[in-house]
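Chemist: Build me a model from this:
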Amino acid sequence: MTPLVPPLPWRRALVTGGAGFLGSALCERLLDAGVDIDCADRGSEGPRVEHLGRCPGFRFLPCDPAAPEAPGLLDGPYDVVLHLAWPDPGECRADPVRALEAGSDGTRQALSIAHRDGARLLFASTSEVYGDPRTHPQREDYPGYVDPVGPQSVTAESRRYAEALVTAHVAAHGTDAGIVRLFSSYGPRMPAHEGRAVPTFIRQALASEPLTVTGDGSQTRCLCYVDDVVEGILAVAASRSVRPVNVGGTQEMTVTNLARSILDLTGSRSPLRFVDRPPGDPEHLRPDTTLARELLGWLPRVSWADGLKTTIAYFAAAAAADRPEPPHTASGARTPPCLGRRPAQG
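Modeler: Purely as a prediction, here's the structure:
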């Protein structure tokens, strides 16, 4: 697929959380555009970017971006800081204090590095800042409906605080910074056991297990394929926008329909099993992407059906290899971009 925002205007980037699902895809896209990368993530996440280790210009730094020593380890200088470091949903439940620290200390460190180098910073926030919204679809000027001490408060309030911190840094220090709010993303290399609907349904369907649908399955989501999400992140990063920008799919579907679509695409005969819905789970999420379209020319280009086929092929290759996580070279994965790497953009 032709990239939306070529050429990229940077020589060197810092990607915090760069070994995660979205982070690793973002690193691949940057390398393919000739941008050198420092990928900062905890050591346990390193295997997700092992396939990039032989690419010129790529450095994996096993560093917690929230640690006090992070700025010294991430010496730069950088042209852009893409801040994606965040615990996954399971980690938020297991260690909520650390999740809150990622929003506060981690974002503060990333802002400090960007300010030090005169770099553009982009904070990757999420639709969780809207809570269980009372408007539909959600525009960027909607302040959200969030219980600060409710069951989803750790993920919601940590992101909201981080957005406030970015905004304050811009006002107080003139830091060049922006915010992108990501809605439901999916694609190859998603963690299989993280608890999100798409990988859970695919894993269960391939194993001929019942698909566990929460509640009555009528709640709706909008999916956005990873390639489109990466292009949206880079489009906001390359702009001068300070205000938050929504990036996500706009084709709304119920969770039940998502499960049945995955059954059809996998050929699985697994039944649906309805389980209790988690408290605080939003009823409807759909981004209003008018700002991204009009300001940046961004629109999702991969249909959810095509994206699901690629994602299913990736997980099927993992299941065939009897591996707990999808192999990086499975069907649907990208060829390491350094094999055809172009010179850095000027």
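Chemist: What segments of the protein are helices?
Modeler: Using DSSP state H, the helices assigned to the chain run over residues 21-32, 70-73, 89-94, 96-101, 107-117, 153-173, 197-206, 226-238, 255-266, 290-291, 304-320.
Chemist: Among these, which comes closest to residue 189?
Modeler: Between residue 189 and the helices of the chain, the shortest gap by Cβ to Cβ is with helix 21-32, which sits at 5.5 Å. All C-beta spots, glycine's among them, are computed from the backbone N, C-alpha and C.
Chemist: Mind listing what's buried along that closest one?
Modeler: Along helix 21-32, these residues count as buried under the neighbour rule (16 or more other Cβ atoms under 10 Å): 21-32.
Chemist: Nearest to residue 57 among those?
Modeler: When the buried residues of helix 21-32 are compared for distance to residue 57 (Cβ to Cβ), residue 31 comes out closest, at 6.5 Å.
Chemist: Distance of that closest one relative to residue 146?
Modeler: When Cβ to Cβ, to the nearest Å is applied, the distance between residue 31 and residue 146 equals 37 Å.
Chemist: wait, doesn't residue 137 sit right on residue 288?
Modeler: Yes: Residue 137 sits in contact with residue 288 when judged by Cβ atoms under 8 Å, with a separation of 4.3 Å.
Chemist: returning to what we had before: save the helices of the chain as a markdown table, and put in distance to residue 188 too.
Modeler: Supplementary listing: the helices of the chain in a markdown table, determined by distance: least, Cβ to Cβ, whole Å:
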| stretch | distance to residue 188 |
| --- | --- |
| helix 21-32 | 8 |
| helix 70-73 | 29 |
| helix 89-94 | 19 |
| helix 96-101 | 25 |
| helix 107-117 | 26 |
| helix 153-173 | 24 |
| helix 197-206 | 10 |
| helix 226-238 | 7 |
| helix 255-266 | 15 |
| helix 290-291 | 28 |
| helix 304-320 | 4 |
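Chemist: Tell me which of those helices approaches residue 14 most closely.
Modeler: Shortest separation from residue 14 across the helices of the chain is recorded for helix 107-117, at 6.6 Å, computed as Cβ to Cβ.
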